[in-house]
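Visitor: Predicted model, plus sequence, below.
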Amino acid sequence: MTKPVHSRLFLIPNILAEGNGDDFLPDATRKQVHHLKQFIVENEKSARALIKRLQIATPQAELSFRLWNEHNRTTELKETVDLFENGDVGLISEAGIPCVADPGAEIVAWAHGHGVQVVPLPGSSSIFMALMASGFNGQSFTFHGYLPIEKPKRAAKIKQLLEGLQNRQQTQIFMEAPYRNNALMEDLLKTLPPSVKICVACNITSEREMIRTMRVEQWRKQVPDLHKQPALFLLGQ
């Protein structure tokens with residue numbers, strides 16, 4: 001381990017939906033990040049919008065941002081973590097909590113290896129909120145992220161999820177890009193046995209929130225239109 005860096009890394013949850021976002025920003029989070037001037041962010045636009053809600057003391061024009069995401073990292077790790085030499089840093093995801101189905105884990109791993117205190121702050125997680133509301137096993141579950149796009153691979157993965165559910169009684173949680181939700185739902189209803197339960201949780205925390213758990217045979221009679229709606233899918237018993 002190299003010489004410890006006497007700074008802190010604050011993991012700052014973002015809101016999940018517009019409209020009532022302030023209702024899901026705890027006062028404790030606002031208080032702890034008020035002093036921050038440096039941020040590592042997944043998306044600068046959404047990060048700036050959150051910073052405005054958090055009422056950060058420093059004017060936005062004087063803040064420092066480093067982009068860090070899965071698809072387009074504009075800086076190398078060394079250049080990004082140089083921020084810690086100047087004080088505390090905030091890590092902001094595009095939505096929900098950092099590092100869970102979200103980039104940022106490399107930054108946190110670096111922080112632990114260099115003596116930087118990691119401070120996770122409370123906020124909304126669509127994954128855990130969906131699990132809470134599903135009625136499924138919350139003691140044993142697996143999050144798979146995105147399923148394969150190709151239909152043969154996707155069908156094989158769905159069968160693998162079914163095995164995990166039946167053999168280990170684990171709730172299976174996964175997601176899809178919003179514009180492919182309907183195709184995924186169609187494949188689930190084609191591949192899974194009629195008695196398996198699916199929970200669809202979409203638009204969590206928004207006015208259009210819909211969380212519903214039904215058996216496959218019931219979903220087949222009333223297939224929802226999930227096109228371009230942020231959603232999570234859960235399989236359970």
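Guide: Thanks, I have the structure now.

Visitor: max-length helix in the protein?
Guide: helix 151-168 (DSSP state H).

Visitor: Quick check: buried residues in the lowest-mean-pLDDT helix or strand in the chain?
Guide: Within the chain, confidence by mean pLDDT, DSSP states H and E is lowest for helix 77-81 among all helices and strands, at a mean of 85. Residues of helix 77-81 classed as buried by neighbour count (16 or more other Cβ atoms under 10 Å): Thr80, Val81. (Glycine included, C-beta is placed from N, CA and C.)

Visitor: Alpha carbons of that helix, in CSV - could you do that?
Guide: Extracted in CSV, the C-alpha atoms of helix 77-81 (Å, rounded to 0.1, in the frame of the first residue of the first chain):
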residue,chain,number,x,y,z
LEU,A,77,-7.6,6.0,-13.2
LYS,A,78,-4.4,7.8,-12.1
GLU,A,79,-5.6,11.1,-13.5
THR,A,80,-9.0,10.7,-11.8
VAL,A,81,-7.7,9.8,-8.4
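
Visitor: and it, what other elements does it pack with?
Guide: helix 105-113 (3 or more Cβ pairs under 8 Å, 6 or more residues apart in numbering; DSSP states H and E).

Visitor: elements contacting the helix it packs on?
Guide: When contacts are defined as 3+ Cβ pairs under 8 Å, 6+ apart, helix 105-113 packs onto strand 8-12, helix 77-81, strand 117-120.

Visitor: Let's see that with 10 Å instead.
Guide: strand 8-12, helix 77-81, strand 89-92, strand 117-120 (3 or more Cβ pairs under 10 Å, 6 or more residues apart in numbering; DSSP states H and E).

Visitor: So for the last one, what gets flagged as buried?
Guide: It stands for strand 117-120. In terms of neighbour count (16+ other Cβ under 10 Å), strand 117-120 has its buried residues at Val119.

Visitor: Excluding its own residues, what touches that strand? List them.
Guide: Contact with strand 117-120 is made by 4-13, 32-33, 88, 90-91, 97-99, 107-109, 111-112, as judged by Cβ atoms under 10 Å, 6 or more residues apart in numbering.

Visitor: For the strand or helix carrying Cys199, the averaged confidence score.
Guide: Using DSSP states H and E, Cys199 sits within strand 197-202. Average pLDDT, strand 197-202: 98.

Visitor: so what strands line up beside it?
Guide: Paired strands of strand 197-202, with direction, are strand 210-215 (antiparallel), strand 231-236 (antiparallel) (DSSP bridges).

Visitor: centre of the chain versus the last one, how much separation?
Guide: Between the mean C-alpha location of strand 231-236 and the chain-wide mean there is a distance of 14 Å, by Cα atoms, centre = their mean, to the nearest Å.

Visitor: and it, what's its mean pLDDT?
Guide: Strand 231-236 shows a mean pLDDT of 98.

Visitor: May I see the buried residues of it?
Guide: By neighbour count on 16+ other Cβ under 10 Å, the buried set for strand 231-236 is Ala231, Leu232, Phe233, Leu234, Leu235, Gly236.

Visitor: how about TSV for those residues, with distance to Asn69 added?
Guide: Converted to TSV, the buried residues of strand 231-236 look like this (distance: Cβ to Cβ, whole Å):
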residue	distance to Asn69
Ala231	21
Leu232	20
Phe233	23
Leu234	26
Leu235	29
Gly236	31
